[in-house]
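> With the sequence up front, the predicted model follows.
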Amino acid sequence: MDKKLSHINKEGNAEMVDVSGKETTERMAVATGKVLFPPEIFQQLSASNFLSKKGSITQTAVIAGIQAVKKTSDLIPLCHPLRLSKIDINISSAENRLEIECTVKCNERTGVEMEALTGVSVAALTIYDMVKALSRDIEISEIRLRKKTGGKSDYEN
């Protein structure tokens, strides 16, 4: 299989992919990521049920992630604007970390991988913003695509 960059034309210039000939299909993508905390900071946040003076850390991150998913084509220059049918962001706690999962669905001619990755990224950045006063030793890590269905091929990791 000869793979090539889809957003670079024959002349080597950036271009938006022409999806006009593609068939509209149901598409879905799941992305995940983690926000790691120093143990004492995580204990403090957990003891307060992840509430801060600014409000619920996790619910604010969910709302921010949803907003980001809807703005992906404004943030990533060559992404197509999509009519999204579902955005679901879940944040759960594990040992000294919060784990974020973002699922995005649509019926379109192109997929929603970038939207799911953007949702996780902005949710993680929002968590960082809400707790940075407690510590700057917070790490955002392992943001990646976990699953994609629809289009030419499916993917799962």
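Received the coordinates, thanks. The structure displayed is predicted, hence computed values, not measured ones.

> all contacts plus neighbour counts: C-alpha atoms, from now on.
Noted.

> Next, the buried residues of the longest helix along the chain.
Identified as the longest helix of the chain according to DSSP state H is helix 113-131. If you call a residue buried by 16 or more other C-alpha atoms under 10 Å, then helix 113-131 has these buried ones: 113-128, 130-131.

> Next SSE downstream of that helix?
Using DSSP states H and E, the helix or strand that follows helix 113-131 towards the C-terminus is strand 139-149.

> hmm, who's touching that next one?
Strand 139-149 is touched from outside by 26-37, 113, 116-117, 120-121, 124-125, 154-157, with contacts defined as C-alpha atoms under 8 Å, 6 or more residues apart in numbering.

> by how many degrees do that strand and helix 113-131 diverge?
If you take axes from the mean of the first three to the mean of the last three C-alpha atoms, to 10 degrees, strand 139-149 sits at 150 degrees to helix 113-131.

> now the helix or strand that strand 139-149 is followed by: mean pLDDT?
Tracing the chain past strand 139-149, the next element assigned as helix or strand by DSSP H and E is strand 155-156. Mean pLDDT, computed over strand 155-156, is 94.

> neighbouring contacts of strand 155-156?
Residues outside strand 155-156 that contact it (C-alpha under 8 Å, 6+ apart) are 146-149.

> most distant residue from the middle of the chain?
The C-alpha centroid of the chain is most remote from residue 11, which lies 31.4 Å away (C-alpha atoms, centre = their mean).

> Quick check: which element contains it?
Per DSSP H and E, there is no helix or strand for residue 11.

> got it, and the one 5 residues further on?
Using DSSP H and E, residue 16 sits within no helix or strand.

> Next, count neighbours for residue 52.
12 (other C-alpha atoms under 10 Å).

> again with residue 83
Residue 83 has 11 neighbours, counted by other C-alpha under 10 Å.

> wait, what's in contact with the nearest residue to it once chain neighbours are set aside?
Leaving aside its chain neighbours, residue 83 sits nearest to residue 106 (6.4 Å; criterion: C-alpha to C-alpha, 6 or more residues apart in numbering). Taking C-alpha under 8 Å, 6+ apart as the criterion, residue 106 is in contact with 26-28, 82-86, 112.

> now swap in residue 37 and tell me
Neighbours of residue 37 in contact, by C-alpha under 8 Å, 6+ apart: 96-97, 137-139.

> Quick one: buried ones out of those residues?
Neighbour counting with 16+ other C-alpha under 10 Å marks 96-97, 138 as buried within the contacts of residue 37.

> Right, I'll call it a day here.
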